[in-house]
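> Pasting a predicted model and its sequence here:
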Amino acid sequence: MLRPAHADEIAPPSRAQDARGGQGDGSMPNQLGKRFQCEICNTEVLCIKPGDGEVHCCGVPMKLLQPKVLPSAD
C-alpha cells in the first residue's frame, strides 16, 4: 500500500459504537469508495477497505469529498 510520507494512520475505532455502526459521537463508519482530502496538504485518499475510525492526515481529520458530477451523455 502506498502512502505519503507524512500521512498519519487511521485513528483506532472507539469501543462505544452507536446502533448505525458509527462511533458514539454520531460519525459513520468509512465506506468503500469514499474520498477524503487533507485541508492542510491537499492529499486525497480513496477508501478501499471499509471500517470504523476516522481518517487523519497532518494530525487532523480529513474532509469527506462530495462525488463529482459527470456530464450526461445525451
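That came through fine.
> how far away is the closest residue to Ile40 other than its chain neighbours from Pro67?
The shortest distance from Ile40 to any non-neighbouring residue, by C-beta to C-beta, 6 or more residues apart in numbering, is to Cys58 (4.2 Å). In this view, the C-beta of every residue, glycine as well, is placed from N, C-alpha and C. Using C-beta to C-beta, to the nearest Å, Cys58 is found at 24 Å from Pro67.
> the more surrounded of those two?
For Cys58 versus Pro67, the count of surrounding residues by other C-beta atoms under 10 Å is larger for Cys58: 14 against 8.
> Distance check, that one against Thr43.
Distance of Cys58 to Thr43, given as C-beta to C-beta: 8 Å.
> Same question for Ala73.
Taking C-beta to C-beta as the measure, Ala73 falls 31 Å from Thr43.
> When the two are compared, which one has more neighbours?
The neighbour comparison of Ala73 against Thr43 (other C-beta under 10 Å) goes to Thr43, with 16 against 4.
> And the more buried one, what's its pLDDT?
According to the prediction, Thr43 has pLDDT 94.
> cool, and the one 3 residues further on?
Note for Leu46: predicted pLDDT of 92.
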